[in-house]
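**Student:** need a structure here:
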Amino acid sequence: MKIWLDTWTLKEKYYKELFEKYPEHQFSTVMEDSYDADIIICMPGFVTKENLDNFHKLKWIQLLTAGYNTIDLEYIKNRNILLTYAKDVFSIQIAEDVFSKILYFNRNIGIYHDQIKSGLWKHTQVLHEICHSTVGIIGAGSIGTEIAKRMKSFDAKVIGYRRSKGEHEFYDVMYRDRKGFEKLLKTSDYIIISIPLNKETYHLIGVNEFKMMKSTAILINVARGEIIDQKALIEALENKKIRGAGLDVTTPEPLPENDLLWSTRNVFITPHNSSASPYVHQRLMDEVSDTLDRYINHLELDNIVKL
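**Tutor:** Numbering: from 1, shown residues only. Predicted structure coming up:
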């Protein structure tokens with residue numbers, strides 16, 4: 001088989017190991033020489049009709065990201081192309097990032113950081129802990145599960161929301177319908193969004209959802225900015241309908257300098273880098289290699305995008 005690999009975001013050390021593992025297959029990193037490829041491994045931004053129309057023999061696309069909301073899935077379906085995503089590659093570091101955002105609020109980190117600049121030694125009262133709290137995770141996939149696993153070590157009650165069926169370790173309760181979703185919003189001290197963006201989840205959190213939340217709730221979004229109605233979020237924060245929001249994603253991205261969100265009270269923003277890790281390239285190539293093994297040997301794939 002011929003495989004084209006988009007190396008734009010990858011380090012040579014790691015993808016060369018992939019090439020060496022499969023000497024019986026032809027790898028290329030030059031797009032113009034790869035239009036006869038059976039497989040392409042790339043970022044979602046490359047997956048457009050304009051680009052894919054050049055690949056007449058294409059059977060499978062392996063994405064180098066967990067997200068795929070920018071892709072025209074109908075086109076992929078009509079071409080009968082298999083689409084898989086990078087499952088489990090980003091889950092560990094994103095789970096750790098969630099805790100950094102919660103602890104930013106709970107331990108007054110922003111306040112103390114500002115005090116360092118002026119040499120001020122002053123206590124600020126701590127009013128919240130993760131211990132014995134209720135954590136609601138919207139999206140109980142691989143990222144949500146890594147978050148839930150760590151929350152249990154903090155002695156938190158973990159409830160999840162996911163439409164698909166199946167057993168879910170580390171969750172005390174799992175909801176799958178709108179009634180359960182609303183119960184999660186009403187009872188959670190920390191609400192974490194790790195669900196994919198699609199037409200069903202666009203503005204999943206809006207004015208009505210903020211009304212359901214506790215005034216002491218912290219909202220964390222490590223998924224996609226469009227899942228939250230950002231105007232409604234700003235209004236909720238300014239009117240103290242929730243305690244705070246930790247955002248790794250916004251609408252749009254990059255967030256313009258003059259956007260109201262920057263000056264909104266009790267918001268902590270990071271520039272869509274919760275997936276950053278010194279191990280991300282190795283994890284990514286391990287995932288690609290595992291999926292390639294399964295594909296070549298006609299084994300079941302656990303990272304297929306349903307079309």
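**Student:** Just the buried residues of the least confident helix or strand in the chain by mean pLDDT, please?
**Tutor:** Scoring the helices and strands of the chain by mean pLDDT, DSSP states H and E places helix 12-21 at the bottom, with a mean of 91. Buried residues in helix 12-21, counted by 16 or more other CB atoms under 10 Å: 14-15, 18. C-beta here means a position set from N, CA and C on the backbone, and glycine is covered the same way.
**Student:** Looking at the residues you listed, which is nearest residue 159?
**Tutor:** residue 14 (37.5 Å; CB to CB).
**Student:** Quick one: residues contacting the closest one.
**Tutor:** 281-282, 284-285 (CB atoms under 8 Å, 6 or more residues apart in numbering).
**Student:** I'd like the distance between the residue nearest the centre of the chain and residue 164.
**Tutor:** With distances taken as CA atoms, centre = their mean, residue 223 lies nearest the centre of the chain, 3.9 Å away. Distance, residue 223 to residue 164, using CB to CB, to the nearest Å: 16 Å.
**Student:** cool, residue 71 as well?
**Tutor:** Using CB to CB, residue 71 is found at 20 Å from residue 164.
**Student:** for residue 236, same thing?
**Tutor:** Distance from residue 236 to residue 164, by CB to CB: 29 Å.
**Student:** Comparing the two, which residue is more hemmed in?
**Tutor:** A count of neighbours by other CB atoms under 10 Å puts residue 236 above the other of residue 236 and residue 164, at 25 against 9.
**Student:** Just give the nearest non-adjacent residue to the more buried one, would you?
**Tutor:** Closest residue to residue 236 apart from its sequence neighbours, by CB to CB, 6 or more residues apart in numbering: residue 210 at 4.0 Å.
**Student:** Which strand or helix spans that neighbour?
**Tutor:** helix 207-212 (DSSP states H and E).
**Student:** Please identify the buried residues of that helix?
**Tutor:** 209-210, 212.
**Student:** In JSON lines, list those along with pLDDT and distance to residue 63.
**Tutor:** Compiled in JSON lines, the buried residues of helix 207-212 are given as follows (pLDDT from 0 to 100; distance: CB to CB, whole Å):
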{"residue": "209", "pLDDT": "98", "distance to residue 63": "29"}
{"residue": "210", "pLDDT": "98", "distance to residue 63": "32"}
{"residue": "212", "pLDDT": "98", "distance to residue 63": "34"}
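**Student:** Could I get the full set of strands for the protein?
**Tutor:** Counting by DSSP state E, one finds strands in the chain at the ranges 2-5, 26-28, 39-42, 60-63, 82-84, 134-138, 157-161, 173-175, 190-193, 218-221, 244-247, 267-269.
**Student:** what helices or strands is the fourth one leaning on?
**Tutor:** In other words, strand 60-63. With contacts defined as 3 or more CB pairs under 8 Å, 6 or more residues apart in numbering; DSSP states H and E, strand 60-63 has these neighbours: strand 39-42, strand 82-84, helix 280-296.
**Student:** out of those, nearest to residue 153?
**Tutor:** In terms of CB to CB, the element of the helices and strands packed on strand 60-63 nearest to residue 153 is helix 280-296, at 21.7 Å.
**Student:** For residue 135, grab the count of nearby residues.
**Tutor:** 28.
**Student:** likewise residue 9?
**Tutor:** 12.
**Student:** okay, it: pLDDT?
**Tutor:** Residue 9 carries a pLDDT value of 84.
**Student:** Turn the strands of the chain into TSV, including distance to residue 123 and mean pLDDT.
**Tutor:** Below are the strands of the chain laid out as TSV (distance: least, CB to CB, whole Å; pLDDT from 0 to 100):
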stretch	distance to residue 123	mean pLDDT
strand 2-5	54	97
strand 26-28	59	96
strand 39-42	52	97
strand 60-63	48	98
strand 82-84	51	98
strand 134-138	27	98
strand 157-161	29	97
strand 173-175	37	96
strand 190-193	24	98
strand 218-221	21	98
strand 244-247	20	98
strand 267-269	21	98
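**Student:** will you turn those into JSON lines that also has distance to residue 126?
**Tutor:** Below are the strands of the chain laid out as JSON lines (distance: least, CB to CB, whole Å):
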{"stretch": "strand 2-5", "distance to residue 126": "49"}
{"stretch": "strand 26-28", "distance to residue 126": "54"}
{"stretch": "strand 39-42", "distance to residue 126": "46"}
{"stretch": "strand 60-63", "distance to residue 126": "42"}
{"stretch": "strand 82-84", "distance to residue 126": "44"}
{"stretch": "strand 134-138", "distance to residue 126": "18"}
{"stretch": "strand 157-161", "distance to residue 126": "20"}
{"stretch": "strand 173-175", "distance to residue 126": "28"}
{"stretch": "strand 190-193", "distance to residue 126": "16"}
{"stretch": "strand 218-221", "distance to residue 126": "14"}
{"stretch": "strand 244-247", "distance to residue 126": "14"}
{"stretch": "strand 267-269", "distance to residue 126": "17"}
